[in-house]
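> Sequence unavailable; structure follows:
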């Protein structure tokens, strides 16, 4: 089902919305009038596209519009960090991790390692410093830093039908 | 990459305006011409520093309520083949080869999206049987503590020039 409830009520995705969102997920043109170009591909016009996108944005459908960068090519390095944290300390530890700008995703998960976060840093020294700080937080019993060797796919794209 | 490229990257991480000439509005914020901004963006895209120009949707809003990080133990020799196979499944959004640790032999990570937990498990079963991999661990999320986009070159918000 493709709908959400917002303050104003329920917004159903129309066939036009789905086509628009599928196009926009794939490619936003880099040109003077990008939305006119998208509109042309949909057989619509620029004002209609802009108006509807604003509504979809207000309703919470769009997480982010713009460029998505290759962190390695910008000189950053990334790692996925798994922690085993005593349950009574997990809220404190999660909040401490959240304060690092390079910690972009932080999830409590089922299993032996119960807190998982991604960390992006401009250099290795900063990464190691942050990891040492987190390792020494109260209740942190174990930590693994799972550095990526190769990225095969990074593509959060949903084909709306 | 020069100082202006970094300025371009910084301004492009601000909210993208839904207006007729969005790049013109962004260019004005950093006092460059629209042409200069477009040229720099095309170049960042051509070099792969921008891997995608477009939108990412809120997946819960579009009906994908469940996600699982699934870690697999894959023989090194078939890593490329299996990773490519798993990546070709539309339900897999991320697929990374990662370091192993003592007592943690899993070396391939897939983020699986589904409408329910059960569907995520079925997708993982399919991925496993298609690739002959039975050793895996499903890491279902219990709570989201943080989910943001990285802001590159903003380590020191007071510094204008790098």
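All right, it came through fine. This is a predicted model, so every value here is computed, not measured.
> Now do stretch A:109-125: distance from first to last residue.
End-to-end distance for stretch A:109-125: 28 Å, by Cα to Cα, to the nearest Å.
> Just the buried residues of that stretch, please?
Judged by neighbour count (16 or more other Cβ atoms under 10 Å in any protein chain shown), stretch A:109-125 contains these buried residues: A:109, A:113, A:114, A:115, A:116, A:117, A:118, A:119, A:120, A:121, A:122. (C-beta placed from N, C-alpha, C; glycine too.)
> so which strand or helix has the residue most central in space within chain B?
In chain B, the centroid-proximal residue (Cα atoms, centre = their mean) is residue B:94; its distance is 6.8 Å. Assigned by DSSP states H and E, residue B:94 falls within strand B:92-98.
> quick one: average pLDDT of that strand?
Averaging pLDDT along strand B:92-98 gives 95.
> how far off strand B:92-98 does whichever helix or strand comes after that strand point, in degrees?
Downstream of strand B:92-98, the next assigned helix or strand under DSSP H and E is strand B:108-114. Calculated by axes from the mean of the first three to the mean of the last three Cα atoms, to 10 degrees, strand B:108-114 forms an angle of 170 degrees with strand B:92-98.
> Let's test this: mean pLDDT of strand B:108-114, rounded?
Strand B:108-114 comes out at a mean pLDDT of 94.
> Could you list every helix and strand that it packs against?
strand B:66-72, helix B:79-87, strand B:92-98, helix B:117-131 (3 or more Cβ pairs under 8 Å, 6 or more residues apart in numbering or on different chains; DSSP states H and E).
> Can you tell me the SS state at residue A:112?
Three-state secondary structure (criterion: DSSP: H, G, I helix; E, B strand; the rest coil) places residue A:112 in coil.
> In three-state terms, label the closest residue in space to residue B:21 that isn't next to it in sequence for me.
In this structure, residue B:21 finds its nearest non-sequential neighbour in residue A:32, 6.2 Å apart by Cβ to Cβ, 6 or more residues apart in numbering or on different chains. Following three-state DSSP, residue A:32 is assigned to coil.
> Look at residue B:147 and say how many residues are nearby.
For residue B:147, the count of nearby residues is 12 (other Cβ atoms under 10 Å in any protein chain shown).
> Could you find the closest non-adjacent residue to it?
residue A:105 (5.4 Å).
> The one you found: which element?
Taking DSSP H and E as the definition, residue A:105 sits inside strand A:103-109.
> From the contact counts, what lies against that strand?
Against strand A:103-109 (3+ Cβ pairs under 8 Å, 6+ apart) you get helix A:90-98, strand A:115-121, strand B:136-147.
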